[in-house]
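1. Need coordinates for the below:
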Amino acid sequence: MSLFRQKLIWVIPVIVLLIVFVFSLPSATSIHAAPKSLPLALLNEDQGPISKKIVEQLTATVEQAEAKGKTSPIKWVQVTSTDELTAGLNEQAYYGALVISDSFTSDMSSMQTAAPKPAALKVMINSGMNPSGVGAATQILQNMTDMINSQMRTQLLTGFEQQGKTLTAAQAKVVSQPITKTVENVNAPGDKSGNGAAPISLFQPLWLSVMMGTMAVFILTTKLNARLNLSRGNVVITQLLIGIVLAFAAGFGVTSVAKWIVGVNIPSYAMISLFLVLTYYCFYLMILSILSWIGPGALVIFLLLFFFGLPVLTVAPELLPTFAHDWLYTWFPMRFTVEGLRAMMYFGADLTNSDFMVIAWIGLGGLILLLTSIMKPRTAAQKKLLASS
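-> Modelled structure (predicted):
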């Protein structure tokens, strides 16, 4: 049994457990997803006493949670006009909104008369935002309106009972359902968009092609350098030129496959393709620069980024566990690709959107690092590649 005396035998179970632990972490982002300070807009067009009381009750719940040092599932953002609300929805400031109609108080008061009229609430869902956040906002707002409806019905019945009045047939019909609710989806993704998940579908093949393409270019140009005895500067220029070709092939290729083979609804083929071209090239520069400084082993970093990043990117940041939000989502450069695509596909943004500007800075940083690597001595991995060629 000398085999069991080897230390490596006892280390293997520890390594296996460590691998299981690490690769189980991404699933926790969806299992433990729960809304925290999910931004919802609140517009009270009425300003009557009944509607003001409803607003106070809704906001008091959040304030009470904050007073106890807890994080409320939602964060109400009170707006004062329809224009302000629309602007916020278009800027992805809120996942949804609750609008109290301008005749809410008078309609509630009419239920005491012979001509009762139900009061109106409108739920607006910002459908183009992250699907998990949209789903949470929809459920919360639906529950809110049901709760308000139930409270108003109870108050009305209690009032009639205290006054000793008998409800007419018209009053009974309205009091049974005193609130009418309408749901409006804004910035809707439309058909064949995976319920708003199309940006993730475009991101996945692009990121994989960036990693594989960059690694292939790095290895091939390193071997080419050995055969032709090129200067480091010529190798970098060659890498930059090949990257342009790969970027156009991948950018237009991913969009073409998604649009004409998979059938994804792409609102602007040329703009989305160009965005993916530029995004590919920026991340190509980032990965290539790190490979140039560290060596081929650095690719593991980006593989892990993809592995841990994909589950995180499918969940709205407000639903992520604190660790996943602060230590994973915040540091993932790929999230700007997904959000940039979302802004262009569903919110009418163009290439000058803020997410692409961040990607451009990442590309510029990669270019600077790549150019400075010209002066860097070859790594052991590079020397090994040169020796084997």
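
2. Please count neighbours and contacts with C-alpha atoms only from this point.
-> Noted.

3. any low-confidence regions in the stretch 151-300 of the chain?
-> Where the stretch 151-300 of the chain drops to pLDDT under 70, the residues are 226-230.

4. how about the helices in it?
-> Remark: helices assigned in the stretch 151-300 of the chain by DSSP state H, counting those that start in this stretch are 169-175, 198-228, 232-256, 269-294, 299-313.

5. Give me whichever of those is most buried.
-> Most buried of those, by mean neighbour count (mean count of other CA atoms under 10 Å): helix 269-294, with a mean of 22.

6. Remind me what that helix packs against, helices and strands.
-> helix 198-228, helix 232-256, helix 299-313, helix 335-346, helix 354-372 (3 or more CA pairs under 8 Å, 6 or more residues apart in numbering; DSSP states H and E).

7. and the last one, which residues are buried?
-> Applying a neighbour-count criterion of 16 or more other CA atoms under 10 Å, one finds 355-356, 359-360, 362-364, 366-367, 369-371 buried in helix 354-372.

8. how close does N126 get to Y94?
-> Separation of N126 from Y94 (CA to CA, to the nearest Å): 7 Å.

9. Show me what V186 is bridged to.
-> N126 (DSSP bridges).

10. Let me know how buried it is, in neighbour terms.
-> V186 has 17 neighbours, counted by other CA atoms under 10 Å.

11. Hmm, V134 and it touching each other?
-> No - assessed by CA atoms under 8 Å, V186 is found out of contact with V134, at 11.2 Å.

12. shared neighbours of the two, anything?
-> Taking CA atoms under 8 Å, 6 or more residues apart in numbering as the contact rule, V186 and V134 both touch 125-127.

13. which one of these is nearest A65?
-> Nearest to A65, judged by CA to CA, of those is I125 at 24.5 Å.

14. roughly how far apart are the nearest residue to Y280 once chain neighbours are set aside and M212?
-> Excluding its sequence neighbours, the residue lying closest to Y280 (CA to CA, 6 or more residues apart in numbering) is A247, at 5.4 Å. Per CA to CA, A247 is found 12 Å from M212.

15. Give the residues shared as contacts by those two.
-> Here A247 and M212 share no contacting residue, scored by CA under 8 Å, 6+ apart.

16. follow-up on the earlier one: which one's more surrounded, N126 and Y94?
-> Neighbour totals were compared for N126 and Y94, and N126 leads with 30 against 26 (other CA under 10 Å).

17. which ones are touching the more buried one?
-> N126 sits next to 89, 92, 94-96, 134, 185-188 when contact means CA under 8 Å, 6+ apart.

18. For stretch 106-122, output the C-alpha coordinates as PDB.
-> The C-alpha trace of stretch 106-122 is given here as PDB (Å, rounded to 0.1, in the frame of the first residue of the first chain):
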ATOM      1  CA  SER A 106     -62.400  62.100  -7.700                       C
ATOM      2  CA  ASP A 107     -63.000  58.600  -9.100                       C
ATOM      3  CA  MET A 108     -62.700  57.100  -5.600                       C
ATOM      4  CA  SER A 109     -65.000  59.700  -4.200                       C
ATOM      5  CA  SER A 110     -67.600  58.900  -7.000                       C
ATOM      6  CA  MET A 111     -68.100  55.500  -5.500                       C
ATOM      7  CA  GLN A 112     -70.200  57.100  -2.800                       C
ATOM      8  CA  THR A 113     -72.500  58.500  -5.400                       C
ATOM      9  CA  ALA A 114     -75.100  57.000  -7.700                       C
ATOM     10  CA  ALA A 115     -72.700  57.200 -10.700                       C
ATOM     11  CA  PRO A 116     -69.600  55.400  -9.400                       C
ATOM     12  CA  LYS A 117     -66.500  55.200 -11.500                       C
ATOM     13  CA  PRO A 118     -63.400  53.000 -10.900                       C
ATOM     14  CA  ALA A 119     -60.000  54.700 -10.300                       C
ATOM     15  CA  ALA A 120     -57.200  54.000 -12.600                       C
ATOM     16  CA  LEU A 121     -53.600  52.900 -12.100                       C
ATOM     17  CA  LYS A 122     -51.100  52.300 -14.900                       C
END
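
19. Next, the buried residues of it.
-> By 16+ other CA under 10 Å, the buried positions in stretch 106-122 come out as 106-112, 116-122.

20. now swap in stretch 123-137 and tell me
-> For stretch 123-137, burial by neighbour count (16+ other CA under 10 Å) applies to 123-134, 136-137.

21. Would you mind putting those into CSV with distance to K75, pLDDT and secondary structure alongside?
-> Shown next, in CSV, are the buried residues of stretch 123-137 (distance: CA to CA, whole Å; pLDDT from 0 to 100; DSSP: H, G, I helix; E, B strand; the rest coil):
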residue, distance to K75, pLDDT, secondary structure
V123, 16, 96, strand
M124, 16, 96, strand
I125, 15, 96, strand
N126, 15, 96, strand
S127, 18, 94, coil
G128, 19, 93, coil
M129, 16, 94, coil
N130, 17, 93, coil
P131, 18, 92, helix
S132, 17, 91, helix
G133, 13, 93, helix
V134, 14, 94, helix
A136, 13, 94, helix
A137, 11, 95, helix
